[in-house]
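Engineer: Sharing a model prediction with you, sequence too.
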Amino acid sequence: MKNLKMSIATMLLLAVSFTYAQDGHNHDHGKMEKNGKKMGHSKMMNMKSEAILSDYFSLKDVLVADDSKKAAEAGSKLAASLKAFDKSNYTAGEQKELTDIIEDATEHAEHIAKSEIGHQREHFKTLSKDITDMVAITGTKNTLYEQFCPMYDKGSSWLSTKEEVRNPYYGSKMLKCGKVQKTIQ
Amino acid sequence: MKVVKIIAIVLLVVFVGIQFIPTTRNQSEGVPKTDFMLVNDVPSDIKNKLQVSCYDCHSNNTKYPWYNKVQPVAWLLEDHIKEGKAELNFNEWDSLSSRRKASKLRSIIKQIESGEMPLDSYTLIHKDAKFSEEETQQLVKYIENLKDSL
């Protein structure tokens, strides 16, 4: 009986401590504004979008290689560089657009970090649209190729640094399906 | 036999004990102006289906049958709702940008077409939440149109 009493007492204590612990759960950690150093040089600023692009291309390459595990890693790396993006040097209108793009892209990158290959490719499609729209604002130092595969999900695009087509939506199944739709310089 | 009895008592105590641990109920007054149904012209049968099949975990209001108030079921549910609302909250639909809406609609279509949503663990109990072949097609068509009209 003594043991039983002890157990009940322990449970009640636990219950009380949980009640308090739960208070902390309701805060919204959604928007953590990054107040890093202001970077006056556009060169530095561009490096941030180049970092995003570089992570995006690594992700594309591992999807071409059908490597889901590496794609997950690339996805979380990309999510991190998206969050680190500094848009302070753009106009108000561009900033609004970029915030929207980055927010959307981050969500897709995060999903890629925790899904299997089919899902990763679905998210990669919308992610590619976001990144393409980002480049339209930020520009890039490299020549990029917007490529298009008419077969995947009623037609899907992606970006590549190389002109020759390597399909990230089908990988080895249809490696060369697609064509260059546009050259971005 | 004594051991069995002790174990049984301990389990009972734990079961009773965990009932005291509070869970946050997902319930709120009224429907915000940003709700999916209020900003879109949704046909009544689709409205009804979304309400029954999706809103329990993807809105600020969950209908709680009695078994969902018993632990540890309530915990499991609380987790699902938290995750569900983080992915998509129909009540806050109109606070999303067009880009985000398009993204969400695309995901809705994929989830429904692949049968991943509604979750099996949910339709197991909520039989009426299941989508028939026809309902799936109807809903996907509606969502596609909505996406194209953004």
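Structural biologist: Yep, it's here. Predicted model, so just to flag it, every value in this text is computed and none were measured. Numbers count the residues shown, from 1 in each chain, chains lettered A, B, ... in the order given.
Engineer: Please see if stretch A:122-137 touches chain B.
Structural biologist: Yes: Stretch A:122-137 comes into contact with chain B (CB under 8 Å from any CB of the partner chain), by way of A:122, A:126, A:130. Heads up, the C-betas are built off the backbone N, CA and C, glycines and all.
Engineer: any residues touching that stretch, and which ones?
Structural biologist: The list of residues contacting stretch A:122-137 from outside it, by CB atoms under 8 Å, 6 or more residues apart in numbering or on different chains, reads A:49, A:52-53, A:56, A:59-60, A:63, A:90, A:94, A:97-98, A:101-102, A:104-105, A:108-109, A:111-112, A:115, A:144, A:146, A:152-153, A:156-159, A:168-169, A:184, B:99, B:102-103, B:106-107, B:110.
Engineer: try stretch A:143-150
Structural biologist: By CB under 8 Å, 6+ apart, the list of residues contacting stretch A:143-150 from outside reads A:53, A:132, A:135, A:155-163, A:165, A:167, A:169-170, A:174, A:177-185.
Engineer: please redo it, this time with the cut-off set to 7 Å
Structural biologist: The contact list for stretch A:143-150 (CB atoms under 7 Å, 6 or more residues apart in numbering or on different chains) reads A:132, A:135, A:155-163, A:165, A:167, A:169, A:177-185.
Engineer: Residues touching stretch A:47-62, excluding its own?
Structural biologist: Contacts for stretch A:47-62 (CB under 7 Å, 6+ apart): A:70-71, A:74-75, A:77-78, A:81-82, A:84-86, A:112, A:131, A:134, A:138, A:140-141, A:158, A:160-161, A:168.
Engineer: Figure out how far it is from the centre of its chain.
Structural biologist: 10 Å (CA atoms, centre = their mean, to the nearest Å).
Engineer: What does the pLDDT read for the residue of chain B found nearest chain A?
Structural biologist: With CB to the nearest CB as the measure, B:Gly17 is the residue of chain B nearest to chain A, at 3.0 Å. Looking at B:Gly17, its pLDDT stands at 86.
Engineer: what's the burial count for it?
Structural biologist: Residues lying near B:Gly17 (other CB atoms under 10 Å in any protein chain shown) number 18.
Engineer: Remind me which helix or strand it belongs to.
Structural biologist: Element membership for B:Gly17, per DSSP states H and E: helix B:2-18.
Engineer: filter the contacts of stretch A:47-62 to the buried ones?
Structural biologist: Buried members of the contacts of stretch A:47-62, scored by 16 or more other CB atoms under 10 Å in any protein chain shown, are A:71, A:74-75, A:77-78, A:81-82, A:85-86, A:112, A:131, A:134, A:138, A:140, A:158, A:160, A:168.
Engineer: Sort out for me which of these are in helices.
Structural biologist: Mapping the buried ones among the contacts of stretch A:47-62 onto helices (DSSP state H) picks out A:71, A:74-75, A:77-78, A:81-82, A:112, A:131, A:134, A:138.
Engineer: wait, B:Val140 sits on B:Ile109?
Structural biologist: Yes: B:Val140 lies in contact with B:Ile109 (CB atoms under 7 Å); the separation is 5.5 Å.
Engineer: For the spatially most central residue of chain B, what is the enclosing helix or strand?
Structural biologist: Residue closest to the mean C-alpha point of chain B, counted by CA atoms, centre = their mean, is B:Cys57 at 2.1 Å. Using DSSP H and E, B:Cys57 sits within helix B:55-58.
Engineer: For that helix, C-alpha coordinates in CSV please.
Structural biologist: Output in CSV follows, covering the C-alpha atoms of helix B:55-58 (Å, rounded to 0.1, in the frame of the first residue of the first chain):
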residue,chain,number,x,y,z
TYR,B,55,-10.5,20.3,-40.6
ASP,B,56,-10.0,18.2,-37.5
CYS,B,57,-6.2,18.5,-37.9
HIS,B,58,-5.9,21.4,-40.3
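Engineer: After that helix, which helix or strand is next?
Structural biologist: Counting by DSSP H and E, what follows helix B:55-58 is helix B:73-87.
Engineer: Residues contacting that following helix, please?
Structural biologist: By CB under 7 Å, 6+ apart, helix B:73-87 touches B:23-24, B:26, B:57-58, B:62, B:67-68.
Engineer: Could you rerun that using 6 Å?
Structural biologist: Helix B:73-87 is contacted from outside by B:23, B:26, B:57-58, B:67-68, using CB atoms under 6 Å, 6 or more residues apart in numbering or on different chains.
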